[in-house]
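Peer 1: just need the structure, nothing else, for what follows:
(2 chains)
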Number of protein chains: 2
Amino acid sequence: MSDSFRFQLLATHGTARAGVFSTPHGDIETPTFAPVGTQASVKGLTPSQLIDLNTQLVLANTYHLYMRPGDDLIAEMGGLHTFMSWERPILTDSGGFQVFSLGDINSINKDGVTFQNHLDGSRHTFTPERAIKIQENLGADIIMAFDECPDPYDREYNEQALERTHDWAKRCKEAKRRSDQALFGIVQGGVFPDLRVQSARFIDSLDFPGNAIGGLSVGESKEEMYQIISAVNKHLPSHKPRYLMGVGTPLDLIHGILRGIDLFDCVQPTRLARHKAAFTKTGRMNVGKKMYASDPSPLIQDCTCYTCKHFSRAYLRHLVQQKELLASTLLSIHNIHVLLSLTEGLRTAIIENSLSSFLEGYLQDTYISLPISL
Amino acid sequence: MSDSFRFQLLATHGTARAGVFSTPHGDIETPTFAPVGTQASVKGLTPSQLIDLNTQLVLANTYHLYMRPGDDLIAEMGGLHTFMSWERPILTDSGGFQVFSLGDINSINKDGVTFQNHLDGSRHTFTPERAIKIQENLGADIIMAFDECPDPYDREYNEQALERTHDWAKRCKEAKRRSDQALFGIVQGGVFPDLRVQSARFIDSLDFPGNAIGGLSVGESKEEMYQIISAVNKHLPSHKPRYLMGVGTPLDLIHGILRGIDLFDCVQPTRLARHKAAFTKTGRMNVGKKMYASDPSPLIQDCTCYTCKHFSRAYLRHLVQQKELLASTLLSIHNIHVLLSLTEGLRTAIIENSLSSFLEGYLQDTYISLPISL
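Peer 2: Numbering: from 1, shown residues only, chains lettered A, B, ... in the order given. Next comes the predicted model:
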C-alpha cells in the first residue's frame, strides 16, 4: 500500500469493526456509505449539501464518465475532484458492472470486452489496462479492478468468468501507475460459496490495499447475500478495508457491518427519492400516498436531517404530486442521512462497545431482531 | 397601513430610491427581487439555499396553490410560511394573471371570472372576495388585489377591463380581514399611457399600503414598458412601495429601479436555469453550447455565487447535456444571485450616492449605456 493510504482498525465487536482509511483527500471513518454520483453529480445535491450530510466518500461511474464527457476531458479539467468540486475522497468503479448491465455485448474474451454503448450504439473495448487508464485519467482516490459480472445463478458461466476476472485483476495491478490511487480487487463467484471462497483467496493473494465484494444485490435472496458476505469476509484480510459494492438499504448496511464490511455504495437513496420514496429506519414509505396529504409530522419522528427538521409529510407529498424538483432533493437528503447516521451510529457503538443496545434502540418498534454475534 | 407594515425611504437618486419595507416576517430592504415559488417551492432550491443567496422575499402563486394542494389544506398546516418552511416575507399574487393566461375562460362579468382549470377542466369562479379569502388562507405578508389581465394592445377591451379591475380593487380592500397582511393595488391599462395614468390615480385613491404595476412584460416593446413605468410612477405615491410584477432580467431591473420601482418578481432566473441558460450581467448564455465543453472558467468572471465559485462552464455544460438535476439547481443559484447582487449593488449605490459609477462599472464592456437621471 502506498504511503498515502493507511487502514487503521480502532475497535471490533465480533466481526464488526470501526476504522479509519486514510487517502490523499482525507480520512474516511469506517464503516460508512458512499452516495453515488454516476455522472460526477449526486443527483439533485450540491457538494455543500453532501458535506452538510457528513458525506465522506462519493462514488462516480467510470463507464458513464468515459462515455460523457470523456475521461480525457476530465483529466484536462484537473481530474474529478476539481471537475465536480468535491475535495473529499472519491471512488470510481471499473466500468465492469455497467458494461455488462448497460452495454450491448459483442464479445467477451481473455483480453477484454467489446460492446456497443447504450447511448448511441458506438463500439468500445474495455480491457483491464483500459479501465485502469480511464480511472487514472479520472483521478479518484480509490479505483477498482475490471471485473466480469455474470448471471449469479449460472454455475458454468461463473466459473469461466471468474478465471477472466482473476486474470484481469492481476493485469489491473500491473497496469496501474499512479501512486496517489489505491486499487481494490473485487471478489466475484455468483451465489456459489465455493467459488466465492476461491475468489476471495485469489484476490487476497494479489495483496491489494483493499478488497471488494461485487456481484451481490443483483437478484439473489437476502439470506444468500448475507451468507456470501460472511463466507467471503473470513478469507479477506481484516487489516484491509472491505467494500460491499452496490448495497445500500438500512437493513443491508446493518447486516453487512455486523459481518465485517467497511464501505458501501448504492444509488438507492437518490433513486428512491426520484421515485417518491423515503427510507424509514428499516424499510421505506411512498410519500405520494394520499394518507400523507394533511400529515403534519416529519418523515421520521426525531430524524435530525434538514428535511425532517423543516418539512412535513404533507408538504413533501405536495411536492412529489406536483413533480417539483425540490421533492427529489429533500428526499435524497433524508435518505442519505438515514444511511449515514446509521453507519455513524454503528461506528460509535462498535468503538464504545455498545452495539447490542444501539441495535435494540434502532430496531425497537420494528419487530426486527438481529443476532449481534456472527 | 397596519402597524405591522411600514415603508421607510432611506435615500433617493432622481426617481431611484432605497428603502426598507417592514412586514410581520421581517424587513425587506428595497429595491429587491423576489424569486417565484409557484407551487410553494422555488424550483430546485431549498429555503436554506435561498437564504444563502440573501433572498428577502419569495412569491407564491395563489391560482396554483388554490388548485393543488388547496388553500384550506395550507391553512390547516399553519399557513404558507410553515408549510414551505420559509420564515421570511412571502407575497402571493391574486390568481388573476393565471386565470387569464392558464384558465379556459367561460365568462367574465362584473362579479368575477368563471373558468375551467388547466389541469383537469374543473370549473371555478374567482371573485375579488374569493381571491382575498384564498390569500388569507395562504397567509402571505403581502397579498394582491384581484385584477383582469387583457391583451395589452386591445384598447376597447382594456377600457372595459380597467373598470372591472378598479371595482374589484375596491371590493378586495373591503373584503380583507387580516391585519397581518398588506394588500397592494394593481395598476393596469395595457400599453395606453392615458389608461395607465387613469389607473394609477384611481388605485392611489384607494390608499393601499403598496402599489403594483401589472400587465407588463407580456409582449410589448422594452421602450413601451419603460415609458409606462415612468408614466405610472409619477402618479403612484413615493412614500409607498412600488412593485413591478413579472419582470426580472438584469437590464429590466436596472431600468425599473432607475424609474422608482422597489420590488420585482419573475420566474425567469429559475425557468431559464431549467432551459440551460445562465444570466450574464446584461444578457444570457446557453450553457449547453459545445464551445463551453472544455472551458474551465466560471459562468461569469468574478461572480461570487456558489456556482461560479465552485464550478466551471465545462462542468455545467456536462450537467445540462446529461440532464442532471443539479444543472437546474446550480444555474438557478447563479441566476438569482445575478439579480439579487444587482439590486443590492444598486441599493448601496443609491444610499452612497454613487449610482453613476456603479452603473458604469456594471455595464462596462457591455456597450450598453443608460441615462442615470430619468
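
Peer 1: only C-alpha atoms from now on, for both contacts and neighbour counts.
Peer 2: OK.

Peer 1: pLDDT below threshold where in the stretch 51-200 of chain A?
Peer 2: Across the stretch 51-200 of chain A, nothing is flagged by pLDDT under 70.

Peer 1: which elements pack onto the helix or strand hosting A:Glu129?
Peer 2: According to DSSP states H and E, A:Glu129 maps onto helix A:128-138. Under the contact criterion of 3 or more Cα pairs under 8 Å, 6 or more residues apart in numbering or on different chains; DSSP states H and E, helix A:128-138 touches helix A:62-67, helix A:71-76, strand A:142-144, helix A:155-175.

Peer 1: what is the neighbour count of A:Leu340?
Peer 2: Neighbourhood size, A:Leu340 [other Cα atoms under 10 Å in any protein chain shown]: 23.

Peer 1: spell out the secondary structure type for it.
Peer 2: Classification of A:Leu340 by DSSP: H, G, I helix; E, B strand; the rest coil places it in helix.

Peer 1: for chain B, give me its nearest residue in the stretch 1-150 of chain A.
Peer 2: At 4.7 Å from chain B, A:Gly44 is the closest residue in the stretch 1-150 of chain A, using Cα to the nearest Cα.

Peer 1: list the residues that contact the residue lying farthest from the centre of chain A.
Peer 2: Distance to the chain centre peaks in chain A at A:Ser294, reaching 35.6 Å (criterion: Cα atoms, centre = their mean). Contacts for A:Ser294 (Cα atoms under 8 Å, 6 or more residues apart in numbering or on different chains) come out as A:313-314, B:73, B:76-77.

Peer 1: what's the farthest-apart pair in the residues you listed?
Peer 2: Maximum pairwise distance in the contacts of A:Ser294, criterion Cα to Cα, is 13.5 Å, between A:Arg313 and B:Glu76.

Peer 1: hmm, A:Gln39 and A:Leu80 touching each other?
Peer 2: No - A:Leu80 lies out of contact with A:Gln39 (Cα atoms under 8 Å); the separation is 10.4 Å.

Peer 1: how far away is the most centrally placed residue in chain A from chain B?
Peer 2: Closest to where the C-alpha atoms of chain A average out (Cα atoms, centre = their mean) is A:Asp265, at 1.4 Å. Distance of A:Asp265 to chain B, computed by Cα to the nearest Cα, to the nearest Å: 20 Å.

Peer 1: for that residue, helix, strand, or coil?
Peer 2: Of the three states, A:Asp265 takes strand under three-state DSSP.

Peer 1: what do you get for A:Leu10?
Peer 2: Following three-state DSSP, A:Leu10 is assigned to strand.

Peer 1: report how many residues lie close to it.
Peer 2: Look at A:Leu10: counted by other Cα under 10 Å, it has 14 neighbours.

Peer 1: list the contacts of it.
Peer 2: A:17-20, A:351 are the contacts of A:Leu10 under Cα under 8 Å, 6+ apart.

Peer 1: narrow those to those that are buried.
Peer 2: Under a neighbour-count criterion of 16 or more other Cα atoms under 10 Å in any protein chain shown, the subset of the contacts of A:Leu10 counted as buried comprises A:17-20, A:351.

Peer 1: report the two of those residues separated the most.
Peer 2: Spatial extent of the buried ones among the contacts of A:Leu10 (Cα to Cα) is set by the pair A:Val20 and A:Ile351 at 11.9 Å.

Peer 1: in three-state terms, label the closest residue to the residue nearest to the centre of chain A other than its chain neighbours for me.
Peer 2: Leaving aside its chain neighbours, A:Asp265 sits nearest to A:Ala34 (4.6 Å; criterion: Cα to Cα, 6 or more residues apart in numbering or on different chains). Per three-state DSSP, the local secondary structure of A:Ala34 is strand.

Peer 1: alpha carbons of stretch A:264-276, as PDB, please.
Peer 2: In PDB, the C-alpha atoms belonging to stretch A:264-276 read as follows (Å, rounded to 0.1, in the frame of the first residue of the first chain):
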ATOM      1  CA  PHE A 264     -20.800   0.600   0.900                       C
ATOM      2  CA  ASP A 265     -22.200   2.400  -2.100                       C
ATOM      3  CA  CYS A 266     -25.600   2.400  -3.800                       C
ATOM      4  CA  VAL A 267     -27.900   4.500  -6.000                       C
ATOM      5  CA  GLN A 268     -30.900   3.600  -3.800                       C
ATOM      6  CA  PRO A 269     -31.200   6.700  -1.600                       C
ATOM      7  CA  THR A 270     -31.200   9.100  -4.500                       C
ATOM      8  CA  ARG A 271     -33.000   6.800  -6.900                       C
ATOM      9  CA  LEU A 272     -35.800   6.100  -4.400                       C
ATOM     10  CA  ALA A 273     -36.000   9.800  -3.800                       C
ATOM     11  CA  ARG A 274     -36.700  10.400  -7.500                       C
ATOM     12  CA  HIS A 275     -39.500   7.800  -7.200                       C
ATOM     13  CA  LYS A 276     -41.200   9.500  -4.200                       C
END
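
Peer 1: state the mean pLDDT of it.
Peer 2: Stretch A:264-276 shows an average pLDDT of 98 in the prediction.

Peer 1: what does chain A put close to chain B?
Peer 2: Applying Cα under 8 Å from any Cα of the partner chain, we find that chain A lies next to chain B at A:39, A:41, A:43-46, A:68-69, A:73, A:76-77, A:83-85, A:294, A:296, A:310-312, A:315, A:318-319, A:322, A:324-326, A:329-330.

Peer 1: 6 Å - rerun?
Peer 2: Contact residues, chain A versus chain B (Cα under 6 Å from any Cα of the partner chain): A:43-44, A:85, A:310, A:325-326.

Peer 1: could you pull up phi and psi at A:Ser297?
Peer 2: Here is the backbone geometry of A:Ser297 (degrees, to the nearest 10): phi -80, psi 160.

Peer 1: again but with A:Leu91, I slipped
Peer 2: Per-residue torsions, A:Leu91: phi -120, psi 130 (degrees, to the nearest 10).

Peer 1: what pairs with it across the strands?
Peer 2: The partner list for A:Leu91 in beta bridges (DSSP bridges) reads A:Leu59, A:Ile142.

Peer 1: tell me, how many residues neighbour it?
Peer 2: Using other Cα under 10 Å, the number of residues around A:Leu91 comes to 26.

Peer 1: next: A:Phe97.
Peer 2: 21.

Peer 1: ok, residues contacting the host helix or strand of it?
Peer 2: Secondary structure from DSSP H and E places A:Phe97 in helix A:96-102. Identification of contacts with helix A:96-102 by Cα atoms under 6 Å, 6 or more residues apart in numbering or on different chains yields A:118, A:146-149.

Peer 1: doesn't A:Gly288 make contact with A:Ala278?
Peer 2: No - counting by Cα atoms under 6 Å, A:Ala278 does not reach A:Gly288; the two are 10.1 Å apart.

Peer 1: looking at the buried ones among the contacts of A:Leu10, which is nearest B:Thr343?
Peer 2: Taking Cα to Cα as the measure, A:Val20 is the one of the buried ones among the contacts of A:Leu10 closest to B:Thr343, at 47.8 Å.

Peer 1: restricted to helices, list the buried ones among the contacts of A:Leu10.
Peer 2: Mapping the buried ones among the contacts of A:Leu10 onto helices (DSSP state H) picks out A:Ile351.

Peer 1: no further queries at this time; thank you.
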